[in-house]
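**Student:** predicted model follows, preceded by the sequence.
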Amino acid sequence: MEVNTLNLLGLKCPVPVLRARKAFKILSSGSCVRVECSDPLSEIDIPHMCITDGHELIDQGHVDQLFWFLVRIK
């Protein structure tokens, strides 16, 4: 499975969600994306966006100041 990476490091709320939504619109259904953020609020915002927009949040985690999310596009 090919996984694209969306680098949203350095961006503050609400920009990571806005950029992720824009990027997800151009990807085909079933694509997997690893979203990487440095904003701690992304732990709330990205999962909420997935629920709201119907994407599947496969996994998430963080290491130091890097928050990552593995998302399958609807």
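**Tutor:** Great, that's in hand. Residues are numbered from 1 along each chain as shown.

**Student:** what about the residue nearest to Gly10 when sequence neighbours are not counted, neighbour count?
**Tutor:** Closest residue to Gly10 apart from its sequence neighbours, by CB to CB, 6 or more residues apart in numbering: Ser38 at 5.9 Å. For the C-beta atoms, the positions are set from N, CA and C on the backbone; glycine is no exception. Neighbour count for Ser38, taken as other CB atoms under 10 Å: 17.

**Student:** so Ser38 versus Val15, what's the distance?
**Tutor:** According to CB to CB, to the nearest Å, Ser38 stands 11 Å off from Val15.

**Student:** how about Cys37?
**Tutor:** From Cys37 to Val15 the distance is 10 Å (CB to CB).

**Student:** give me the more crowded residue out of these two.
**Tutor:** Taking neighbours as other CB under 10 Å, Cys37 and Val15 compare with Cys37 leading, 29 against 13.

**Student:** touching, His62 and Glu43? I think so.
**Tutor:** Yes. Between His62 and Glu43 there is a contact under CB atoms under 8 Å: 7.2 Å.

**Student:** name the residues that touch the helix or strand hosting Phe67?
**Tutor:** Assigned by DSSP states H and E, Phe67 belongs to strand 66-72. Applying CB atoms under 8 Å, 6 or more residues apart in numbering, the external contacts of strand 66-72 come out as 3, 9, 20, 24, 30-40, 42-43, 46-47, 50, 55-62.

**Student:** of the residues you listed, buried ones?
**Tutor:** Buried residues within those, counting neighbours by 16 or more other CB atoms under 10 Å: 20, 24, 31, 33, 35-39, 42, 46, 50, 55, 57, 60.

**Student:** hang on, the earlier thing: list the residues that contact both of Cys37 and Val15?
**Tutor:** Leu8.

**Student:** distance between the host helix or strand of Asp45 and the chain's centre?
**Tutor:** Here Asp45 sits within helix 42-53, counting by DSSP H and E. The chain centre lies 8 Å from the centre of helix 42-53; the measure is CA atoms, centre = their mean, to the nearest Å.
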